[in-house]
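In: Below are the sequence and a predicted model; questions follow.
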Protein chains: 2
Amino acid sequence: MPSSNIPDIVIGRLPIYLRALTRLAAEGREVTSSHELGQRLGISSAQIRKDLSHFGGFGKQGTGYQIAYLIEQLKQVLQVDREWEVALVGAGDLGRAVAHYKGFLYRGFKIVCVFDNDPDKIGEVIDEYTVQPIDDMQQVIPEHGIRMAMIAVPAEAAQEVADRLIEAGIRAILNYAPINLNVPDDVHVQHIDPVVHLQRMTYYL
Amino acid sequence: MPSSNIPDIVIGRLPIYLRALTRLAAEGREVTSSHELGQRLGISSAQIRKDLSHFGGFGKQGTGYQIAYLIEQLKQVLQVDREWEVALVGAGDLGRAVAHYKGFLYRGFKIVCVFDNDPDKIGEVIDEYTVQPIDDMQQVIPEHGIRMAMIAVPAEAAQEVADRLIEAGIRAILNYAPINLNVPDDVHVQHIDPVVHLQRMTYYL
DNA sequence: TAGATTGTTAATCGATTAACAATC
DNA sequence: TAGATTGTTAATCGATTAACAATC
């Protein structure tokens, strides 16, 4: 965690707020309150106010928050008021689905290259991407100055892919492989494993 | 949260432990310690011991934990020592990828039906599944006694799909749509939104 | 003005960690 | 036995909540 003294758990909630606010805006709403937002998200209004107050006073007493303005501010805080180029490794079923996904673009991210090591897949075209050999990563990633990557390869290959990505300059990894990645302190990792979420729920059933 | 007085945050870590232990077993290891497991996961050994102690004494002083035994016990606690039938709603790119994913089966889950409301997709065959009309959910789900579902439809449709699933008897939902779902207290929801994870990391870049 | 809601402080609550006796 | 590691208690740390003055 290089910068700042703001709890990581707070940072983790900001994208959730941003998503809910964007939704409210899409519904045509212009103003909201910590109370309303909290109700929608199942979070206390006090927590929302406290979280936001780490970054400034975005609201107005008696009125609440201007949705458009708060969205703008949160995007700035999260640095998603720009577009981040992302590399994708893995062009199997999952990688293909990720490559197709249209939801990245309007929320700050753009996949710019897709890698795989399967000779059958290299050269294949997925939407606007041509699958490149994984050995080209070391060249392509620094060339574009890409700092974020998504891993969608089998569990066995994920750690090695991560190591090579980091060597190529990647500093943030979204890992879809069902395995824990070990990375240096200055590299950020997030895991997506649907089974973990399912297993968390079966406990209560 | 119907049952138990064990913190939800502890339950949330168990699947992570289970995944790491399964990995260790796959590497041919038979015994591990809270210290080793902690190192792999970036968690303190004390936390692992404390978490496990909620459910019993699974280790042996001086030795550590028998991996196979601990896996078995954790599966029992999480109720994934059986196979859960899961309904999938949405047969677009994402739903298709989810349907193809082989990783559910060996970790306690089996997709048994796929629904969509697009006439072009109904009747289509995805692996072993034939896409069924979404209007059949109310019949098919109770018939099979299915209690878990995954939502892979566009954000606009997700809340309505969730409402109908719950009406049909679903009590745990894994939501891939980038929107917060509001559900009754006795229904469990987990969200998967890759953009939220990416946005959480850009803050630090 | 009266009503509403913020931003912030202090109090509460809960989770993590440190430490160690028990024991394999 | 000596060394290692658990399970558990108590101490610490941090996050959430309640409450309210400020103010729109």
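Out: Right, received. Where do you want to start?
In: so where is chain A shaky, pLDDT-wise?
Out: Where chain A drops to pLDDT under 70, the residues are A:1-4.
In: hmm, 50 instead?
Out: A:1-3 (pLDDT under 50).
In: any idea which residue sits dead centre in it?
Out: Nearest to the mean C-alpha position of chain A, by C-alpha atoms, centre = their mean, lies residue A:174 at 7.0 Å.
In: ok, now which ones touch that one?
Out: A:148, A:149, A:150, A:151, A:189, A:190, A:192, B:194, B:197, B:198, B:201 (C-beta atoms under 8 Å, 6 or more residues apart in numbering or on different chains). In short, each C-beta sits where N, CA and C put it, glycine included.
In: Now name the helix or strand holding it.
Out: According to DSSP states H and E, residue A:174 maps onto strand A:172-175.
In: Please enumerate the strands of chain A.
Out: A:31-32, A:59-60, A:64-66, A:84-89, A:109-116, A:125-126, A:129-130, A:132-133, A:148-151, A:172-175, A:188-191 (DSSP state E).
In: How far away from the center of its chain is the first one?
Out: What that stands for is strand A:31-32. Offset of strand A:31-32 from its chain centre (C-alpha atoms, centre = their mean, to the nearest Å): 26 Å.
In: do the same with stretch A:116-134
Out: 23 Å.
In: List the buried residues for that stretch?
Out: Using 16 or more other C-beta atoms under 10 Å in any protein chain shown as the test for burial, stretch A:116-134 gives A:116, A:117, A:121, A:122, A:126, A:129, A:131, A:132, A:134.
In: Just name the closest of those residues to chain B, please.
Out: Distance to chain B across the buried residues of stretch A:116-134 (C-beta to the nearest C-beta) is lowest for residue A:126, with 10.8 Å.
In: and residue A:134, what is it in contact with?
Out: Contact analysis of residue A:134 by C-beta under 8 Å, 6+ apart lists A:89, A:115, A:116, A:117, A:161, A:164.
In: Tell me how far it lies from residue A:122.
Out: 9 Å (C-beta to C-beta, to the nearest Å).
In: shared neighbours of these two, anything?
Out: Common contacts of residue A:134 and residue A:122 (C-beta under 8 Å, 6+ apart): residue A:116.
In: Up against DNA strand C, what does chain A have?
Out: With C-beta under 7 Å from any atom of the strand as the criterion, chain A comes near DNA strand C at residues A:33-35, A:45-46, A:49-50, A:52-53, A:57-65.
In: what about burial for the residues you listed, which qualify?
Out: Among those, those scoring as buried are A:33, A:34, A:49, A:52, A:58, A:59, A:64, A:65 (criterion: 16+ other C-beta under 10 Å).
In: which residues does the fifth one contact?
Out: This points to residue A:58. Residue A:58 is in contact with A:52, A:65, A:69, A:70, A:73, counting by C-beta under 8 Å, 6+ apart.
In: Chain neighbours aside, what residue packs nearest to the third one?
Out: In this structure, residue A:69 finds its nearest non-sequential neighbour in residue A:58, 6.9 Å apart by C-beta to C-beta, 6 or more residues apart in numbering or on different chains.
In: In CSV: the strands of chain A, plus distance to DNA strand D.
Out: As requested, the strands of chain A are exported to CSV (distance: least, C-beta to the nearest atom of the strand, whole Å):
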stretch, distance to DNA strand D
strand A:31-32, 12
strand A:59-60, 5
strand A:64-66, 10
strand A:84-89, 26
strand A:109-116, 26
strand A:125-126, 39
strand A:129-130, 39
strand A:132-133, 40
strand A:148-151, 24
strand A:172-175, 21
strand A:188-191, 17
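In: Could you tell me which residues of chain A lie near DNA strand D?
Out: Counting by C-beta under 7 Å from any atom of the strand, chain A comes close to DNA strand D at A:7-10, A:43-44, A:46-47, A:49-50, A:60-63.
In: what does stretch A:27-35 rub up against?
Out: Applying C-beta under 8 Å, 6+ apart, the contact partners of stretch A:27-35 are A:21, A:24, A:45-46, A:48-49, A:52, A:59, A:63-68.
In: swap that for stretch A:192-204, sorry
Out: Applying C-beta under 8 Å, 6+ apart, the external contacts of stretch A:192-204 come out as A:174-176, A:178, B:1-3, B:11-12, B:14-16, B:18-19, B:77-80, B:84, B:86, B:98, B:101, B:103-104, B:107-109, B:148, B:150, B:172, B:174, B:188, B:190, B:192, B:194, B:197.
In: any idea how far the closest residue to the residue nearest to the centre of chain A other than its chain neighbours lies from DNA strand C?
Out: Spatially, and ignoring its direct neighbours in sequence, residue A:174 is nearest to residue A:150 (4.5 Å; C-beta to C-beta, 6+ apart). Separation of residue A:150 from DNA strand C (C-beta to the nearest atom of the strand, to the nearest Å): 27 Å.
In: ok, what's across the strand from residue A:150?
Out: Taking DSSP bridges as the rule, residue A:150 bridges to residue A:88, residue A:174.
In: Isn't it up against residue A:89?
Out: Yes. Residue A:150 lies in contact with residue A:89 (C-beta atoms under 8 Å); the separation is 7.1 Å.
In: longest helix of chain A?
Out: helix A:8-26 (DSSP state H).
In: Point me to the residue of chain A nearest DNA strand D.
Out: When distances are taken as C-beta to the nearest atom of the strand, chain A reaches nearest to DNA strand D at residue A:62, 2.2 Å away.
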